[in-house]
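Visitor: One predicted model, sequence on top.
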Amino acid sequence: MGFGDLKTPAGLKVLNEFLTDKSYIEGYVPSQADIAVFDVLSGAPSADLCHALRWYNHIKSYQKEKGSLPGVKKPLGQYGPTGVEDTTAAAPAAADEDDDDIDLFGSDEEEDEEATKLKEERLAAYNAKKAKKPALIAKSSILLDVKPWDDETDMAKLEECVRSIQLDGLLWGQSKLLPVGYGIKKLQIACVVEDDKVGTDQLEELITAFEDYVQSMDVAAFNKI
């Protein structure tokens, strides 16, 4: 498994496809898995890799507190989709001819047992947390105005970038283009959010991160559901 060489266009493309339906490398919150992948990148992905760019800008905002994020960093090849050769992984060291007594299989079995146990503990903790959630979830309907730089901005690509933002508790709705003046149109797009998970400040930070297309974002309407 792995992303391949993340300093090449091919590796970045794999990362972008992997993040199409995910907010983070692992789980539902930023973790050391995101930091491990972020640190390998040589810079921000290009604007056409909108899912990878959205993730990059989001994780970049955690750099000052990255040491406090949960989890433990693993080798880069242990993150990402299956079936992709990780060309960045170091070649295994040659075996010492004199180490005939080394158990080549016992350590792997122990690691598998620990991984299974950890997975079961995380699943149990997740289910317990989910069971404690109240039946009524506060939600809001928000109408956003997203303004481009000029009349030459590709509005279809701008909307694609906006919709690429996938967060737990966020659901995108209908959209339309409205004239602003001088041939410029703005994107007006609706969304429904869970109030405890997604806020307008977070949406503004993620949307305006697509600085090649987006000049600004405003809240046109905000209603509790």
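Guide: On my side now, so go ahead. Only a predicted model underlies this, so the values are computations on that prediction, with no experimental measurement involved. Numbering: from 1, shown residues only.
Visitor: So what touches stretch 6-15?
Guide: Residues from elsewhere that reach stretch 6-15 (CB atoms under 8 Å, 6 or more residues apart in numbering): 3-5, 37, 40-42, 45-46, 49, 52, 76, 80-81, 84, 88. No exception for glycine: its C-beta is placed from N, CA and C like everyone else's.
Visitor: whoops, I mixed them up, stretch 68-85
Guide: Here stretch 68-85 makes contact (CB under 8 Å, 6+ apart) with 1-4, 6, 14-15, 17-18, 25-26, 29-37, 40, 62, 86, 88-89.
Visitor: Off-centre distance for the lowest-mean-pLDDT helix or strand in the chain?
Guide: Every helix and strand of the chain was ranked by mean pLDDT, DSSP states H and E. The lowest is helix 106-132, at a mean of 78. For helix 106-132, the gap between its own C-alpha mean and the chain's C-alpha mean amounts to 23 Å (CA atoms, centre = their mean, to the nearest Å).
Visitor: and the next element down the chain from that helix?
Guide: Per DSSP states H and E, the first helix or strand lying C-terminal to helix 106-132 is strand 139-148.
Visitor: Would you check how far apart D145 and M217 are?
Guide: Applying CB to CB, to the nearest Å, the value for D145 to M217 is 7 Å.
Visitor: Kindly report the same for Y182.
Guide: According to CB to CB, Y182 stands 20 Å off from M217.
Visitor: Next, the buried residues of the helix or strand harbouring G173.
Guide: In the assignment (DSSP H and E), G173 maps to strand 170-181. The neighbour-count check on strand 170-181 (16 or more other CB atoms under 10 Å) flags L170, W172, S175 as buried.
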